[in-house]
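Enquirer: What follows is a predicted structure for the sequence shown.
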Amino acid sequence: MNAKESAAPAILHDTPVAGPQQNELWGSDAIAAMLRALDIPYLALNPGASYRGLHDSIVNYLGNTQPQMLLCLHEESAISIAQGYAKVTGRMMGAVVHSNVGLMHATMPIFNAWCDRVPMLVLGATGPVDAAKRRPWIDWLHTASDQGALVRDYTKWDNQPGSVTAAYEALLRAVQIANTAPRGPTYINLDAALQEAKIGAAPPLPDVSRFRAPEPVMPAAGLVEAAAKLLSEARNPVVLMGRVSRSESGWRERVALAERLQARVLTDLKTGASFPTDHALHASPPGSFLAPAGAAALREADVVLSLDWVDLAGTLKQAWGAQAVSAKVIHVSPDAHIHRGWSMDYQGLPPSDLYLMCEADSAVAPLLAAVKPRAKAAEKPASPRAPEADAVSIAAIAQALETACAGVDLCLTHVPLGWNGAYRHFRHPLDYIGQEGGGGIGAGPGVTVGAALALKGGTRVPVAILGDGDFLMGVTALWTAVHYRIPCLVLVANNRSFFNDELHQERVAKERARPVENKWIGQRMSDPEIDLAMMARAQGAEGIGPITSVEDLRSAVARGLATVRAGGVCVIDVRVLPGYDANMSGASASQKR
């Protein structure tokens, strides 16, 4: 079953007491009814007085169903949960944040969702726009003249409607735009006075089926023909698998295209699983940057097919350096539709000989039908697996998962910095859902809870491997998972440091001939040691650890898996050795010092 077609899973429902039948409605009742008509399944939220009207309507007018509220302990968790849900399903859910202060908390995960190109409806609120209706002090603090400006540069659209009818249209437009590729978050700011105004009978709801997002844009036949000719005649084509859907049919078509062309394939860790990493055509383990084998495969290419690859220009630069790219480049991506002046998340401008401005999935099927089969190339060795770990490390975590979860379908919802793509093969589009998008630390726990919500009721087990910094910044998201009975397993690769920055300080010290021994200052989280397992137990989850031996790690993962399969939430604190078994600099081997 396509993840986009899956029904909302059954979770714990906070059931309200039934109230009396009422003939008169309030503005927020009509807005809540519109959210139901738009089929928003959940609203992840941290409560606030600015949207108390909408809160009451979701509970007492809708009965806290369709959408159901998911209480979160921080606005960052609310947004990250919505992001994780969309990463698995391709479907939007909503998040609600309190006035300007809640939106300020939410800015980082909204930026993550923007960079990750996932659909999301963010609802906000403001104190009464009419100053005569504001309570002294607090309503003034929580009212801004242009609240949407806080997130305008990294949302697709925002609006502050002035009436119920305008709110209907704003929500329709927000959902339509968010679900149109390139997808992303939209923001609707609701005036508290509008929410709390008596309106009598609600205006009739529009027919939402007439305001759907458009069907995917298909590439022009001439461009498909030209691209197919280049690929069919190539001596050594390479395919870069980037932003693609989680659909199994799309997965099969990508595999078929690569096999028909006998093209080498590269994937990365910024986006979700897109191609089997143990396939003979897969050239190199996925990473945040190209491994040497991947860079070599790209340099040997005469035609490169980029399927909405994140940072195509930077990847080509990793292979060719300052030299001109010798290969012909077929660039498939709709991403330029949302390139803006404020954020540089669009990356460098890549060269392209053919530019198909559509989603990757829209191009693969017609290309598969149009390309000519190439003779099977000589078998190349499959990507090597990482060596067995004999110490507690990120590699040891991966191996403990392999042992304990043999025969179990896992969904890796997050991997830490330094994860080597050789640790674990991906053979299904839900084996791995990609990074958080904008590099915002603290999103991992919330994204994991959202992904686990989407997976609840199925056979696939959600597992996150988080860094300790990521875990500490977002740990309260686990309370939401425990409260709503959303099972998930979290392993914390705990090196007691913001270790990525230790490496940066080491590099600077070497360049300046200064003591590298001081790189830990301002980075290490010790004296006292933080009890991560205790923090998990404080949220109601099972906490295991600290784990300091490989033997204990294997038994802890088996115990954690059993907890999750029984419907629980489990966190394992694994005290790993500092160090990365992956290229985290973006430099080629020749550029590293």
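Expert: Arrived safely, thanks for sending.

Enquirer: how much space between Ser343 and Gly314?
Expert: Taking CB to CB, to the nearest Å as the measure, Ser343 and Gly314 are separated by 16 Å. Quick note: C-beta positions are derived from backbone N, CA and C, even for glycine.

Enquirer: And Ala363, by the same measure?
Expert: For Ala363 relative to Gly314 (CB to CB), the value is 22 Å.

Enquirer: quick one: which of the two has more around it?
Expert: Taking other CB atoms under 10 Å, Ala363 and Gly314 do not tie; Ala363 has more neighbours (25 against 15).

Enquirer: so what's the more buried one up against?
Expert: Counting by CB atoms under 8 Å, 6 or more residues apart in numbering, Ala363 touches Pro219, Val224, Ala227, Leu307, Val332, Leu356.

Enquirer: can we see that at 10 Å?
Expert: By CB atoms under 10 Å, 6 or more residues apart in numbering, Ala363 lies in contact with 216, 218-219, 223-224, 227, 257, 305, 307-308, 330, 332-333, 356-357.

Enquirer: count of neighbours near the nearest residue to Ala336 once chain neighbours are set aside?
Expert: Leaving aside its sequence neighbours, Ala336 sits nearest to Met357 (CB to CB, 6 or more residues apart in numbering; 6.9 Å). Using other CB under 10 Å, Met357 is surrounded by 16 other residues.

Enquirer: going forward, begin numbering at 52 instead of 1
Expert: Yep, numbering from 52; the last one is Met408 now.

Enquirer: you'd agree Met408 is up against His388?
Expert: Yes - with contacts counted by CB atoms under 10 Å, Met408 reaches His388, the gap being 7.8 Å.

Enquirer: For ChimeraX, what selects the buried ones among the contacts of Ala414?
Expert: Here is the ChimeraX command that selects the buried residues among the contacts of Ala414 (16 or more other CB atoms under 10 Å):
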select :270,274,275,278,308,356,358,359,381,383,384,407,408
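
Enquirer: Farthest pair within the contacts of Ala414?
Expert: Within the contacts of Ala414, Leu308 and Met408 form the most distant pair, 19.1 Å apart (CB to CB).

Enquirer: what touches both of Met408 and His388?
Expert: Common neighbours of Met408 and His388, using CB under 10 Å, 6+ apart, are Val268.

Enquirer: The longest helix belonging to the chain: what's the following helix or strand?
Expert: Longest helix of the chain, by residue count under DSSP state H: helix 150-167. As assigned by DSSP states H and E, the chain's next helix or strand after helix 150-167 is strand 171-177.

Enquirer: and that following strand, what's its mean pLDDT?
Expert: Average pLDDT, strand 171-177: 98.

Enquirer: helix or strand for the residue lying closest to Val601 once chain neighbours are set aside, which one?
Expert: Distances taken as CB to CB, 6+ apart put Ala447 closest to Val601, at 5.4 Å, once the chain neighbours are dropped. Using DSSP H and E, Ala447 sits within helix 445-455.

Enquirer: which parts of that helix are buried?
Expert: By neighbour count on 16+ other CB under 10 Å, the buried set for helix 445-455 is Ile445, Ala446, Ala447, Ile448, Ala449, Gln450, Ala451, Leu452, Ala455.

Enquirer: The next helix-or-strand element following that helix - contacts with which helices or strands?
Expert: Next along the chain after helix 445-455, taking DSSP H and E as the criterion, comes strand 461-465. Contact partners of strand 461-465 among helices and strands, from 3 or more CB pairs under 10 Å, 6 or more residues apart in numbering; DSSP states H and E: helix 126-140, helix 445-455, helix 495-506, strand 512-518, strand 539-545.

Enquirer: can you do 7 Å?
Expert: Packed against strand 461-465, as judged by 3 or more CB pairs under 7 Å, 6 or more residues apart in numbering; DSSP states H and E, are the following elements: helix 495-506, strand 512-518.

Enquirer: Could you dump these into TSV with distance to Ile132 and mean pLDDT added?
Expert: Formatted as TSV, the helices and strands packed on strand 461-465 follow (distance: least, CB to CB, whole Å; pLDDT from 0 to 100):
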stretch	distance to Ile132	mean pLDDT
helix 495-506	4	98
strand 512-518	12	97
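
Enquirer: Asn163 is nearest to which of these?
Expert: Proximity to Asn163 (CB to CB) singles out helix 495-506 among the helices and strands packed on strand 461-465, at 8.2 Å.

Enquirer: what is the orientation angle of that closest one with strand 461-465?
Expert: Put simply, helix 495-506 runs at 150 degrees to strand 461-465, going by axes from the mean of the first three to the mean of the last three CA atoms, to 10 degrees.
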